[in-house]
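Student: Give me a 3D structure for the following:
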Amino acid sequence: MAEIVSLSDAVAALVRDGDTVALEGFTHLIPHAAGHEIIRQGRRGLTLVRMTPDIVYDQLIGAGCARKLIFSWGGNPGVGSLHRFREAVQKGWPEPLEIEEHSHAGMANRYVAGASGLPFAVLRGYAGTDLARHTGTIADITCPFTGEKLAAVPALNPDVSIIHAQRADRRGNVQMWGLVGVQKEAVLAARRSLVTVEEIVDELEPVPGQVVLPSWAVTYVAEAPRGAHPSYAQGYYERDNDYYRQWDSISRDREAFQRWVEELTATTAAGTEA
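Tutor: Below is the predicted model of the structure:
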């Protein structure tokens, strides 16, 4: 059953150096507050997993938390490149970064396989691409029934999956709605999980199109108001487009970025001076 704890305590208990960590959310409900707490706690050697790594992964990579990235697209959405990601790959600063690239369909199917307890997933999504020549975790497979040539990808089972949601109740049942991606699958595939939420309530009121993760599927829940900012949380706040634009100039310059890290690490997860 999920335990309700503080964000700092959850990250301290769940995320260990060298872990494979997924922070999922598709444009919406991206767990920025949790990513920032990982930076504060100085985790190192992480394999980061995400379908669409954007600025929170740029921040984690630039802060030296990552040794490898497993992903399907990376960028500052609506703005341009991830400059800390680029410099880690191209120049090895602050640490060399290994990359493993898949398609969106490949990543989603890998999570589904992991959540289903299967060793791999099968799909047609790599037909006509050259990703298999560059990514060792894509293999050809022949359907035993039709003889069709397909692609197989191994299941994803992160050590820790972290997502953000709108609400949880006091028993640790989690509720999210709006634009969702593979958050449910990422949590069910993981060995340990953390869900940060906008608020903890006595009872969950049904919402059209909701996804509910039962308490037994989650390790920790942490209340983190505005924990998805600068992304958005439907029903709570909108996307902060200015932040994404400002990040481009901060991330282009090593000194500006290092000042950003220093300011971040001088605050607690609650946003007050440590």
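
Student: From here on, just use CA atoms for contacts and neighbour counts.
Tutor: Fine.

Student: give me the number of residues near the residue lying closest to His32 once chain neighbours are set aside?
Tutor: Nearest non-adjacent residue to His32, counting by CA to CA, 6 or more residues apart in numbering: Ala228, 5.2 Å away. Number of residues near Ala228 (other CA atoms under 10 Å) recorded here: 28.

Student: got it, and Gly136?
Tutor: Gly136 has 11 nearby residues by other CA under 10 Å.

Student: now it: how far from Ile99?
Tutor: As judged by CA to CA, to the nearest Å, Gly136 and Ile99 stand 11 Å apart.

Student: what about the strands in this structure?
Tutor: 3-4, 20-23, 46-50, 66-71, 98-101, 120-123, 139-142, 149-154, 160-169, 174-176, 192-201, 211-213, 220-223 (DSSP state E).

Student: want to throw the ones you listed into TSV with mean neighbour count, mean pLDDT and distance to Val261?
Tutor: Below are the strands of the chain laid out as TSV (neighbours: other CA atoms under 10 Å; pLDDT from 0 to 100; distance: least, CA to CA, whole Å):
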stretch	mean neighbour count	mean pLDDT	distance to Val261
strand 3-4	20	98	28
strand 20-23	26	98	19
strand 46-50	24	98	18
strand 66-71	22	98	15
strand 98-101	16	97	22
strand 120-123	18	97	38
strand 139-142	14	95	40
strand 149-154	19	96	35
strand 160-169	27	98	21
strand 174-176	23	98	30
strand 192-201	24	98	22
strand 211-213	18	97	33
strand 220-223	26	98	23
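
Student: Throw the ones you listed into a markdown table and include distance to Gln59, thanks.
Tutor: Formatted as a markdown table, these follow (distance: least, CA to CA, whole Å):
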| stretch | distance to Gln59 |
| --- | --- |
| strand 3-4 | 26 |
| strand 20-23 | 13 |
| strand 46-50 | 12 |
| strand 66-71 | 10 |
| strand 98-101 | 16 |
| strand 120-123 | 31 |
| strand 139-142 | 32 |
| strand 149-154 | 27 |
| strand 160-169 | 16 |
| strand 174-176 | 25 |
| strand 192-201 | 19 |
| strand 211-213 | 28 |
| strand 220-223 | 21 |
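
Student: and Arg86, which of the ones you listed is closest to it?
Tutor: Between Arg86 and the strands of the chain, the shortest gap by CA to CA is with strand 98-101, which sits at 11.1 Å.

Student: Given the closest one, what are its sheet partners and their directions?
Tutor: Strand 98-101 pairs in its sheet with strand 66-71 (parallel), by DSSP bridges.

Student: what's the angle between the partner strand and strand 46-50?
Tutor: Counting by axes from the mean of the first three to the mean of the last three CA atoms, to 10 degrees, strand 66-71 lies at 20 degrees to strand 46-50.

Student: Using PDB, list the CA coordinates for strand 66-71.
Tutor: Extracted in PDB, the C-alpha atoms of strand 66-71 (Å, rounded to 0.1, in the frame of the first residue of the first chain):
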ATOM      1  CA  ALA A  66      22.900  10.800 -15.700                       C
ATOM      2  CA  ARG A  67      25.200   8.400 -17.400                       C
ATOM      3  CA  LYS A  68      22.700   7.100 -20.000                       C
ATOM      4  CA  LEU A  69      19.400   8.200 -21.600                       C
ATOM      5  CA  ILE A  70      16.800   5.800 -23.100                       C
ATOM      6  CA  PHE A  71      14.400   7.900 -25.100                       C
END
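
Student: How far away from the center of its chain is that strand?
Tutor: The chain centre lies 11 Å from the centre of strand 66-71; the measure is CA atoms, centre = their mean, to the nearest Å.

Student: now do stretch 113-132
Tutor: Worked out by CA atoms, centre = their mean, stretch 113-132 lies 19 Å from the chain centre.

Student: Residues in contact with that stretch: which ones?
Tutor: Residues from elsewhere that reach stretch 113-132 (CA atoms under 8 Å, 6 or more residues apart in numbering): 101-103, 105-106, 109-110, 112, 138-139, 150-157, 185-190.
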